[in-house]
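S.K.: Kindly return the folded structure for what I paste below:
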Amino acid sequence: MQTSMIAAIYKNFLGHAPDWYKKTIIAFLIVNPFIFMVDPYIAGWTLVIQFIFTLAMALKCYPLQPGGLLLIEAMFIGMTSPGHMMHEIEVNLEVLLLLVFMVAGIYFMKDLLMYLFTKLVIKVRNKLILSLSFIFASAFLSAFLDALTVVAVIISVGLGFYSIYHKVASGKEFHSDHDHTSDDELGSHDLEDFRAFLRNLMMHSAVGTALGGVMTMVGEPQNLIIADKAGWDFVEFFIRMAPVTLPVFVFGLLTTIVLEKTGTFSYGAKLPSAVRQILADYNDHMDKGRSKRETAKLVVQALIGVWLIVGLATHMASVGLIGLSVIILATSMSGVIEEHALGKAFEEALPFAALLCVFFGVVAVIIDQGLFQPVIHWVLSFEGETQMVMFYLANGVLSMVSDNVFVGSVYITEVTAALQAGQITRDQYDMLAVAINTGTNLPSVATPNGQAAFLFLLTSAIAPLLRLSYGRMVVMALPYTIVLTIVGLVATYIGLADATQWLYDMHLIEHHSVTEAGAQAVGH
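M.R.: As a prediction, this is how the structure comes out:
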């Protein structure tokens, strides 16, 4: 009886995840306390690598459970404390609220998004132009909105397209209920081609969010922290970043063109004609059958979309609160008033919000065990242009491993302390702030754990449908990683100092005093 009970508990543990995966997680849990007893620093890095492993295996098992178990054990053995994890969550509360409310808000604007993007995909037959329009739109929106919001929009659209095709290919009507996660009735290679096509658009868009997000102070959470510490406003931030971000943007678009033309790294997938026909039929079906009430819904959603962009671009309120307002406005004007109808909107966001809290727990371990300290001190030992380049590279490498928001905020805090201690001048400080911002935003596209938007895509409902695994994301992002990192590096090393001096000479930006950064930093 005893052995069968143990066998039953083991069977239940992590459900239908592969046997080797379960044993690996159990092995991690057994060895970690012993490693911690021998060397806490090595134990800290071991935990980070193990957590990345759980992310990489996201299609085998959602990372919340194995990652969460590793973190709970780490707290019990003293690698960090619940209080510190709570502090990290409090600091990142805006990101969590953004996730919970904004993603749900986008769910209630699906009708408008499907209307617009279906028209775009049907009308634009050239895949290269379509890819460029997706990456450009993502970049533009990410400069004013948050990258997570933009990725939520793209995921919503991709999921919409996929379910329409899957429904019709399974012999159902457009308006029928259907389980698009089951492929039993489908044997066509069109589905594989369509998956490849959608994977291309998803990855182009995700990279677009990084290209646009690096340019402005509202593009990514760490940009706000950096701008706040340096005392820059929206315009000054954009101008100071431009010597690096504009060349990177141009080369990002050129990379898209090369990838689509050559078909390397599994890009260049075309939309199968049968799928295009189904989407065109769906578009006609929706246009013909659209009632006055449904048209009114689209108009109202368009107005809410305007409010969303204006509200976020002008920072009228915290991002999460604007998302909450979108939920209230969209549901009120669409007649969605039952609790269970509201619940569906939160299904996508809440598991990821829970995973992000675990992630902040891992960040607390990184801080408590001082995992990045040796790198930070080593980089500060360099001088001049070399120091800028080393900052850029160190930020880039650490952002691939950890979260770029955390890396950016740690580095800008250290540099602010160096400025106040008189180790660097204020002009050096401003240049290093540019290197930190571009370093955290650009190379971090290499892995899904580098950017929250990429991680959200990996753990979203669409990833398993499109067979978009961690490894596949890394491979598809690789050409972008190489180009963005190298162009950013060259622009930082060769052009940044001269371009910044020219901006001073033209009086587009002015010199700041040390006390300005000090005052900003003390406020934090």
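S.K.: Tell me how many other residues surround residue 247.
M.R.: For residue 247, the count of nearby residues is 15 (other Cβ atoms under 10 Å). Heads up, the C-betas are built off the backbone N, CA and C, glycines and all.
S.K.: swap that for residue 7, please
M.R.: 10.
S.K.: try residue 332
M.R.: 12.
S.K.: from here on, count from 480
M.R.: Sure thing, new numbering starts at 480, so read that last one as residue 811.
S.K.: give me the element it is part of.
M.R.: Per DSSP states H and E, residue 811 falls inside helix 798-813.
S.K.: Tell me how far that helix lies from the chain's centre.
M.R.: Distance, stretch centre to chain centre, for helix 798-813: 22 Å (Cα atoms, centre = their mean, to the nearest Å).
S.K.: same thing with stretch 545-552?
M.R.: So, by Cα atoms, centre = their mean, the centroid of stretch 545-552 is 22 Å from its chain's centroid.
S.K.: What of stretch 487-503?
M.R.: Worked out by Cα atoms, centre = their mean, stretch 487-503 lies 29 Å from the chain centre.
S.K.: buried sites along the helix holding residue 811?
M.R.: Neighbour counts using 16 or more other Cβ atoms under 10 Å place 798-806, 808-810, 812-813 of helix 798-813 among the buried residues.
S.K.: same thing with stretch 964-973?
M.R.: 964, 966, 967, 968, 969, 970, 971.
S.K.: Which of these fall within helices?
M.R.: The helices, defined by DSSP state H, take in 964, 966, 967, 968, 969 from these.
S.K.: Closest one of these to residue 564?
M.R.: Nearest to residue 564 out of those is residue 964 (Cβ to Cβ; 31.4 Å).
S.K.: any idea how far the closest one is from residue 572?
M.R.: When Cβ to Cβ, to the nearest Å is the yardstick, residue 964 and residue 572 sit 31 Å from each other.
S.K.: just residue 624 next, same as before
M.R.: 19 Å.
S.K.: Could you check which of these two has the larger neighbour count?
M.R.: A count of neighbours by other Cβ under 10 Å puts residue 624 above the other of residue 624 and residue 572, at 27 against 11.
S.K.: The more buried one contacts residue 790, doesn't it?
M.R.: No. Applying Cβ atoms under 8 Å as the test, residue 624 and residue 790 come out as separate, 9.7 Å apart.
S.K.: The residue positioned nearest the centre of the chain is in what secondary structure piece?
M.R.: Nearest to the mean C-alpha position of the chain, counting by Cα atoms, centre = their mean, stands residue 932 at 1.3 Å. Assessed by DSSP H and E, residue 932 sits inside helix 931-937.
S.K.: how about that helix as CSV, C-alpha atoms only?
M.R.: The C-alpha trace of helix 931-937 is given here as CSV (Å, rounded to 0.1, in the frame of the first residue of the first chain):
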residue,chain,number,x,y,z
ALA,A,931,8.9,40.6,-20.0
ALA,A,932,7.1,41.0,-23.4
PHE,A,933,9.1,38.0,-24.8
LEU,A,934,8.4,35.9,-21.7
PHE,A,935,4.7,36.8,-21.9
LEU,A,936,4.7,35.6,-25.5
LEU,A,937,6.5,32.3,-24.6
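S.K.: burial of the spatially closest residue to residue 885 that is not a sequence neighbour, as a residue count?
M.R.: Excluding its sequence neighbours, the residue lying closest to residue 885 (Cβ to Cβ, 6 or more residues apart in numbering) is residue 842, at 4.8 Å. Neighbourhood size, residue 842 [other Cβ under 10 Å]: 25.
S.K.: ok, now residue 502?
M.R.: Considering only other Cβ under 10 Å, residue 502 is surrounded by 11 other residues.
S.K.: Go ahead and name everything in contact with stretch 605-615.
M.R.: Here stretch 605-615 makes contact (Cβ atoms under 8 Å, 6 or more residues apart in numbering) with 599-600, 603, 633, 676, 679-680, 683-684, 686-687, 690, 731-732, 735-736, 739-740, 746-750.
S.K.: which stretches of the stretch 530-679 of the chain have low pLDDT?
M.R.: Under the criterion pLDDT under 70, the flagged ranges of the stretch 530-679 of the chain are 650-667.
S.K.: switch the cut-off to 50
M.R.: Across the stretch 530-679 of the chain, the ranges flagged by pLDDT under 50 are 663-665.
S.K.: report the longest helix in this protein, please.
M.R.: In the chain, assigned by DSSP H, the helix with the most residues is helix 713-741.
S.K.: Show me the helices in the stretch 730-879 of the chain, by range?
M.R.: Along the stretch 730-879 of the chain, counting by DSSP state H, counting those that start in this stretch, helices occupy 752-768, 771-792, 798-813, 818-825, 828-847, 852-859, 863-880.
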